[in-house]
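# Okay, sequence plus prediction incoming.
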Amino acid sequence: MIDIAELADRHLEAARADPHGRSAGVVVHDGELRQSVIALTAGSSLGEHNSPNAATLQVWQGRVRVESPAGDVEASTGHLWVLTHERHSVHAVEDSVFLLTTLTGVGRASHG
C-alpha cells in the first residue's frame, strides 16, 4: 500500500532541494501501465515533450499549467486531466505534486 500524502511530501521536499526544482519517481509499473509522481517547485517546469499513447495528470498538491498547441490548461489540487495527444510542457504555478498515469508500449509511437 502506498501512502500518497507521505510520497507527495517526500518528493516536494526533494524538489525544493534540487537545483532544477524537480523530483520524480515511478509509483507503479505493471505491464503497459506506468504511474509516476512528479514534484515541481513554483516556476520550474518540464520542457516540451511528446505525449504518450494515453495519459492523465492528477494534481495532488498545488497548481500546474500544461501548455500545448491546443491551448493552455491549468489544473489544481484534486483535478484530473486527460492529456492531449500533442507535444506539451508542464509548468508549476506554485509548488506542486502530481501523478502522471500513462499507457506505454502498446505497439504505436508516442504522439508529437
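All right, it came through fine.
# use CA for all of it now, contacts and neighbours both
Noted.
# Beta-bridge partners for the spatially most central residue of the chain, please?
Against the mean C-alpha coordinate of the chain, by C-alpha atoms, centre = their mean, the closest residue is residue 100 at 4.3 Å. With DSSP bridges as the criterion, the beta-bridge partners of residue 100 are residue 36, residue 57.
# In contact with it: list those residues for me.
35-38, 55-58 (C-alpha atoms under 8 Å, 6 or more residues apart in numbering).
# by contact count, what packs against the strand or helix carrying residue 11?
When secondary structure is defined by DSSP states H and E, residue 11 falls within helix 4-17. Helices and strands touching helix 4-17, as assessed by 3 or more C-alpha pairs under 8 Å, 6 or more residues apart in numbering; DSSP states H and E, comprise strand 22-30, strand 33-40, strand 96-103.
# can I have that helix written out in PDB, keeping just the CAs?
Taking only C-alpha atoms (Å, rounded to 0.1, in the frame of the first residue of the first chain), the coordinates of helix 4-17 have been written out as PDB:
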ATOM      1  CA  ILE A   4       0.100   9.200  -1.100                       C
ATOM      2  CA  ALA A   5       0.500  12.100   1.400                       C
ATOM      3  CA  GLU A   6       3.900  10.800   2.500                       C
ATOM      4  CA  LEU A   7       5.000  10.200  -1.000                       C
ATOM      5  CA  ALA A   8       3.900  13.700  -2.100                       C
ATOM      6  CA  ASP A   9       5.600  15.400   0.800                       C
ATOM      7  CA  ARG A  10       8.900  13.400   0.200                       C
ATOM      8  CA  HIS A  11       9.000  14.400  -3.400                       C
ATOM      9  CA  LEU A  12       8.200  18.000  -2.800                       C
ATOM     10  CA  GLU A  13      10.900  18.200  -0.200                       C
ATOM     11  CA  ALA A  14      13.400  16.700  -2.700                       C
ATOM     12  CA  ALA A  15      12.300  19.100  -5.400                       C
ATOM     13  CA  ARG A  16      12.900  22.000  -3.100                       C
ATOM     14  CA  ALA A  17      16.400  20.700  -2.500                       C
END
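# circling back to that earlier point, format the contacts of residue 100 as JSON lines; extra columns: pLDDT, distance to residue 2 and neighbour count.
Compiled in JSON lines, those are given as follows (pLDDT from 0 to 100; distance: C-alpha to C-alpha, whole Å; neighbours: other C-alpha atoms under 10 Å):
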{"residue": "35", "pLDDT": "96", "distance to residue 2": "12", "neighbour count": "19"}
{"residue": "36", "pLDDT": "96", "distance to residue 2": "13", "neighbour count": "17"}
{"residue": "37", "pLDDT": "98", "distance to residue 2": "12", "neighbour count": "24"}
{"residue": "38", "pLDDT": "98", "distance to residue 2": "15", "neighbour count": "23"}
{"residue": "55", "pLDDT": "91", "distance to residue 2": "21", "neighbour count": "19"}
{"residue": "56", "pLDDT": "94", "distance to residue 2": "19", "neighbour count": "18"}
{"residue": "57", "pLDDT": "95", "distance to residue 2": "18", "neighbour count": "22"}
{"residue": "58", "pLDDT": "97", "distance to residue 2": "16", "neighbour count": "19"}
